[in-house]
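*Asks:* Fold the following for me, if possible:
(chains A and B)
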Amino acid sequence: AQRVTQPEKLLSVFKGAPVELKCNYSYSGSPELFWYVQYSRQRLQLLLRHISRESIKGFTADLNKGETSFHLKKPFAQEEDSAMYYCALRQGGKLIFGQGTELSVKP
Amino acid sequence: DGGITQSPKYLFRKEGQNVTLSCEQNLNHDAMYWYRQDPGQGLRLIYYSQIVNDFQKGDIAEGYSVSREKKESFPLTVTSAQKNPTAFYLCASSPTSGRYNEQFFGPGTRLTVL
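*Replies:* Alright, predicted model coming up:
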């Protein structure tokens, strides 16, 4: 079955430290993966997608098919990065979401 | 913000009552979705619709029903058969053609069963 796993419920780092939010997936085919973010009192929104290989707000994510991973990384975390992050896998016309990781960046 | 609206923001229901959550979009998207968000469980798909007058069950459809009579609207009814309806409900929409079929989300409705 197709599945997305985010092993960390909560990740706490200090401002300026590197951050990596883990995402592993299981999918029989060529995956299309996304990271969504939900800031406090805001809507869930797309952060980035692997197909466009972009960097948004300093975040990058590389698809590693060998390890079936799509980890989200940022070299220097900022307090405004504190939010809930969801990894998602497209399956046909729908998305399968991971359980989410809450990132807390402390001053 | 705008584009997708959900109402009401908060909803309280007594056990045994059906309630309907509204979702409207003016983005001209063909596809619409309903998710349930619970702490520690992420977003789980309830129902989705890729075209008017057609919809499919998601992973947790039991106890819910939907209709798609208009492109702009995709209401969700939480029936008394839903065992644990207290949750945060998110509606989303997306195009079905093009390279990037990004889903856009509404602000959500928090349903509490008393």
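*Asks:* any chance you could map the helices in chain A?
*Replies:* Assigned helices in chain A: none (criterion: DSSP state H).
*Asks:* just the strands in it please.
*Replies:* Remark: strands assigned in chain A by DSSP state E are A:3-5, A:10-14, A:19-21, A:24-26, A:33-38, A:45-49, A:60-61, A:72-74, A:83-91, A:94-97, A:101-106.
*Asks:* I'd like the ones you listed as a markdown table, with mean pLDDT appended.
*Replies:* Supplementary listing: these in a markdown table, determined by pLDDT from 0 to 100:
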| stretch | mean pLDDT |
| --- | --- |
| strand A:3-5 | 94 |
| strand A:10-14 | 97 |
| strand A:19-21 | 97 |
| strand A:24-26 | 95 |
| strand A:33-38 | 95 |
| strand A:45-49 | 92 |
| strand A:60-61 | 93 |
| strand A:72-74 | 96 |
| strand A:83-91 | 94 |
| strand A:94-97 | 91 |
| strand A:101-106 | 97 |
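*Asks:* Can you check which of these gets nearest to B:Gly106?
*Replies:* With distances scored as CB to CB, the stretch of the strands of chain A nearest to B:Gly106 is strand A:45-49 (11.4 Å). Every residue, glycine included, has its C-beta placed from N, CA and C.
*Asks:* ok, A:Glu79 to A:Gln99 distance?
*Replies:* Per CB to CB, to the nearest Å, A:Glu79 is found 24 Å from A:Gln99.
*Asks:* Return the residues of chain B in contact with chain A.
*Replies:* Taking CB under 8 Å from any CB of the partner chain as the contact definition, chain B meets chain A at B:1, B:31, B:33, B:35, B:40-45, B:48, B:50, B:58, B:90, B:92, B:96, B:99-108.
*Asks:* Those in strands, which ones?
*Replies:* Per DSSP E, the subset of these in strands is B:31, B:33, B:35, B:42-45, B:48, B:50, B:90, B:92, B:104-105.
*Asks:* so which two of the residues you listed are the farthest from each other?
*Replies:* Spanning the widest gap among those are B:Gly42 and B:Gln50, at 22.1 Å by CB to CB.
*Asks:* So for those two, which residue has more residues nearby?
*Replies:* Using other CB atoms under 10 Å in any protein chain shown, the more surrounded residue of B:Gly42 and B:Gln50 is B:Gly42, with 21 against 18.
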